[in-house]
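Engineer: Have a look at this fold, sequence not included:
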């Protein structure tokens, strides 16, 4: 198994390295997607906006990795993912999250309410 660790940013401040990743061939970036997604845990991190740009160029390929985040217990990360990534994906990708978004919009947990995930889910689904 090939190691991709040396291709990833060293930390959330490694903006220069993210710029180098952007210049890589798509086939080299593809296996990095799950690890790059980790850098969206807090969109206030300096690398987060640049990482988001990369992720948005893989709208279908990131779907399973985003689904992993949405099935986790990290409601804060879910908030960032929904507000900054899922909402910007093309319809073909967004439809992959319809079941999750509908559930959160219609029957949110207390934690999802506290993070206002129901509101962003409704916005993504265009439920007003």
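Structural biologist: Good, I have the coordinates. Quick caveat: nothing in here was measured; it's all calculated off a predicted structure. Residues are numbered from 1 along each chain as shown.

Engineer: so where's the chain shaky on pLDDT?
Structural biologist: Within the chain, the ranges that satisfy pLDDT under 70 run 1-5, 127-128.

Engineer: And the most centrally placed residue in it, how far from residue 7?
Structural biologist: Taking Cα atoms, centre = their mean, the centroid of the chain lies closest to residue 81, which sits 4.2 Å from it. Distance of residue 81 to residue 7, computed by Cβ to Cβ, to the nearest Å: 22 Å. For every residue, glycine as well, the C-beta is placed using N, CA and C.

Engineer: so is residue 42 in a helix, a strand, or just coil?
Structural biologist: Following DSSP: H, G, I helix; E, B strand; the rest coil, the label given to residue 42 is coil.

Engineer: Which residue, other than its chain neighbours, is closest to the residue nearest to the centre of the chain?
Structural biologist: Distance criterion Cβ to Cβ, 6 or more residues apart in numbering; nearest residue to residue 81, sequence neighbours excluded, is residue 69 at 5.3 Å.
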